[in-house]
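[1] what follows is a protein structure lacking sequence information:
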């Protein structure tokens, strides 16, 4: 079942057809939210940066039919690079491990070494 369908059939002059295609081309070039005028109404669309196209020409019973079709998802998927950038901004860069701080040593050595020396002096 179709969520929404807009269809318009009418006779146009070559200039009117060109104007309609120009409006569509401008909307495609601009991208984002666009409004297309059709007769007495306006059709608003969100056009993504990437879309699929199909062009079909059919000659049958002395009539030429030219179809130009553009297709894109109604809810554009997020690009992988955008997801990665978003994840990096929320988690931050990986943290580096710091080396343990070294204890300042004085001329006689650390506190542990001083206790060992005192104990050795008392024993002698």
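    Happy to help now that I have it. What you see is a predicted model, and the numbers here were worked out from it, not measured in a lab.

[2] elements contacting the helix or strand hosting residue 27?
    Assigned by DSSP states H and E, residue 27 belongs to helix 14-30. If you count contacts as 3 or more C-beta pairs under 8 Å, 6 or more residues apart in numbering; DSSP states H and E, helix 14-30 packs onto strand 32-38, strand 41-47. Every C-beta, even on glycine, is put in place using the N, C-alpha and C of the backbone.

[3] surely residue 72 meets residue 48?
    Yes - using C-beta atoms under 8 Å, residue 72 is in contact with residue 48, at 5.2 Å.

[4] comparing these two, which residue is more hemmed in?
    Ranked by neighbour count (other C-beta atoms under 10 Å), residue 72 and residue 48 place residue 72 first, with 15 against 12.

[5] tell me, how many neighbours does the spatially closest residue to the more buried one that is not a sequence neighbour end up with?
    Of all residues not flanking residue 72 in the chain, residue 51 sits nearest, at 4.0 Å (C-beta to C-beta, 6 or more residues apart in numbering). Counted with other C-beta under 10 Å, the neighbours of residue 51 add up to 13.

[6] circling back to that earlier point, how about the helices and strands packed on helix 14-30 in a markdown table, adding mean neighbour count and mean pLDDT?
    Putting those into a markdown table (neighbours: other C-beta atoms under 10 Å; pLDDT from 0 to 100) gives the following:
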| stretch | mean neighbour count | mean pLDDT |
| --- | --- | --- |
| strand 32-38 | 12 | 81 |
| strand 41-47 | 12 | 86 |
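
[7] so what's residue 65 bridging to?
    Beta-bridge pairing of residue 65 under DSSP bridges involves residue 58.

[8] so who does it touch?
    Neighbouring residues of residue 65 by C-beta atoms under 8 Å, 6 or more residues apart in numbering: 56, 57, 58, 59.
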